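Q: need a 3D model of the following:
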Amino acid sequence: MKILVVGDEMKISEKICLILKDSEYKVCGRAVDFDEAIVLLKREKPDLAILDINLKGSKDGIEVAKRINKSARIPFIYTSSPSDTTTVVRVKSTNPSAFLLKPFEKEQLFEAIVIAMDNFIVMENERPEEQLPIFNDAVFVKSSNFFTKVPIEKILFIQKSERLIALHTKEKIHILRATMSGFVNKLASEKMIRIHRSYVVNVDMITDVASTFVSLGKIKVPLAKKYTDDLLSCCKYFN
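A: Residues are numbered from 1 along each chain as shown. From the prediction side, this is the model:
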């Protein structure tokens, strides 16, 4: 998962980067002012941003947050010392995903990231009964208080099992609590097509289609007859 760090206090920014470097998260950029932050947002396309409220120049971290809300649509965390009433009002108006008071320790930073992701996922999903961690063309899988980014294009196929679904990639199987229909609808990807009541495959990963199964390299996934025509039409369209 890619994280953008924005702040002009070098010791604080370096501390955040060092902590993240030793974790499963990746720092995709560091910015000291509004202009640098906007350039990195466009170029690096982070999955989460950590914003210091006070920045050099006329535009502060709150202005960066406004731009995120307008164009990037990713979770963000504010870092700041206790603020005055005016700043608090401005902060609330941007609907931050989490807030981290300075000074902070490693555990508090990781906790803020988890809270930010959880809150953002809730805000992005209309149905409270099924909070799906899908944004930025990826699925974010929570495990042991960390989020792993699984790009949609890397998914080979999806398998359903009661209230759980398994995302199969070449490297790993990721488990999520969700319904297949709700998950696929949220994905909104034309490349992911249902071929069985319990299976959805990535069209780009298909290497062969037989009468009762689909091959994804050495992997064979069951194909139900009722889905065959839709699959063949889809393969013809994308190939």
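
Q: in this structure, where is pLDDT below threshold?
A: Residue ranges of the chain with pLDDT under 70: 82-86, 126-130, 236-239.

Q: so what's residue 99 closest to, chain neighbours aside?
A: Leaving aside its chain neighbours, residue 99 sits nearest to residue 78 (5.1 Å; criterion: CB to CB, 6 or more residues apart in numbering). In short, each C-beta sits where N, CA and C put it, glycine included.

Q: helix, strand or coil for residue 15?
A: helix (DSSP: H, G, I helix; E, B strand; the rest coil).

Q: distance check, it against residue 59.
A: 24 Å (CB to CB, to the nearest Å).

Q: related to what we said a few turns ago, which residues touch the residue nearest to residue 99?
A: Residues counted as contacts of residue 78 (CB atoms under 8 Å, 6 or more residues apart in numbering) are 51, 52, 53, 61, 65, 91, 96, 98, 99, 100.

Q: the third one reaches residue 79, doesn't it?
A: Yes - when contacts are counted by CB atoms under 8 Å, residue 53 is listed as touching residue 79 (7.4 Å).

Q: now the closest residue to residue 21 other than its chain neighbours: which helix or strand?
A: Closest residue to residue 21 apart from its sequence neighbours, by CB to CB, 6+ apart: residue 27 at 6.8 Å. Assigned by DSSP states H and E, residue 27 falls within strand 26-31.

Q: parallel or antiparallel, which strands does that strand pair with?
A: Sheet pairing of strand 26-31 (DSSP bridges) gives strand 2-6 (parallel).

Q: and residue 140, what does it touch?
A: Neighbouring residues of residue 140 by CB under 8 Å, 6+ apart: 1, 47, 117, 121, 133, 134, 147, 148, 149, 150.

Q: nearest to residue 218 among those?
A: Closest to residue 218 out of these is residue 150 (20.7 Å), distances taken as CB to CB.
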